[in-house]
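Peer 1: Please work out how this folds:
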Amino acid sequence: MTTDRICVGAIAGSFGLQGEVRLKSFCSTPEAIATYGPLTSEDGTRSFNVKLTRPVANGLGARITGITTKEQADALKGTSLYADRSKLPSLPDDEFYHTDLIGMAVHDTGGALIGSVQAVHNHGAGDLLEIMGPGMKTALLLPFTRKAVPTVDLAARRIVADLPEGLD
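Peer 2: Predicted coordinates for the structure are as follows:
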């Protein structure tokens, strides 16, 4: 496990005129973001107590302690929100926090190094591993499915990928 804090969401901007914010939750149950607090900024210098108010377009409406104006809420736009790993639920063996996959070595089924995971993306159709390796000019985007990624060994920090035809 790579970090004691996990990014669970971000402040997407203000909502209304009274200091309410729009949250984008990265939790499997979006409303769970409010149960892991207090949340902190990426650098850990700010702490946020979050109270959800309502669902809003593309997110959740929320109140943050100390934020009472639209201008204060606007100033927080783009702030990533982190929770202590100890407050998050344990995951089943076949699920992973994205942060734990970043930096892991990716090998093909024959053992040859492909590269390492630079990021995990999800554009609505499932997770994609962004992999960069020696000699690559552009990143390889690998579907994060059991078929394409049969093995993830967190302890060894190693992923085995069975590259779909056309990606090798």
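Peer 1: Distance from the lengthiest helix in the chain to the middle of the chain?
Peer 2: Counting by DSSP state H, the longest helix found in the chain is helix 70-75. Mean-position distance between helix 70-75 and its chain equals 24 Å (CA atoms, centre = their mean, to the nearest Å).
Peer 1: Extract the C-alpha trace of that helix and format it as CSV.
Peer 2: Written as CSV, here are the backbone C-alpha positions of helix 70-75 (Å, rounded to 0.1, in the frame of the first residue of the first chain):
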residue,chain,number,x,y,z
LYS,A,70,-20.1,31.9,-2.9
GLU,A,71,-16.6,33.5,-3.2
GLN,A,72,-15.2,31.2,-0.5
ALA,A,73,-16.7,28.2,-2.2
ASP,A,74,-15.4,29.3,-5.6
ALA,A,75,-11.9,29.6,-4.2
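Peer 1: Now do residue 4 against residue 143, distance only.
Peer 2: Residue 4 is 29 Å from residue 143, where distance means CB to CB, to the nearest Å. The C-beta positions use only the backbone N, C-alpha and C, and glycine is treated the same way.
Peer 1: Pick out whichever of these two has more residues nearby.
Peer 2: Applying other CB atoms under 10 Å to residue 4 and residue 143 shows that residue 143 carries more neighbours, namely 16 against 9.
Peer 1: now the strands for this protein?
Peer 2: Using DSSP state E, the strands found in the chain span residues 5-14, 21-25, 39-40, 47-48, 50-56, 59-64, 80-84, 105-108, 113-122, 127-132, 140-143, 151-153, 158-161.
Peer 1: which residues are in contact with the lowest-mean-pLDDT helix or strand in the chain?
Peer 2: Within the chain, no helix or strand scores below helix 98-101, which has a mean of 88 by mean pLDDT, DSSP states H and E. Here helix 98-101 makes contact (CB atoms under 8 Å, 6 or more residues apart in numbering) with 1-3, 6-7, 117, 120, 127, 129, 152, 154, 159.
Peer 1: Extract the C-alpha trace of that helix and format it as PDB.
Peer 2: Backbone C-alpha positions of helix 98-101 (Å, rounded to 0.1, in the frame of the first residue of the first chain) are rendered in PDB as follows:
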ATOM      1  CA  HIS A  98      -6.400   3.400  -7.700                       C
ATOM      2  CA  THR A  99      -3.600   5.000  -5.700                       C
ATOM      3  CA  ASP A 100      -2.300   1.500  -4.900                       C
ATOM      4  CA  LEU A 101      -1.900   0.700  -8.600                       C
END
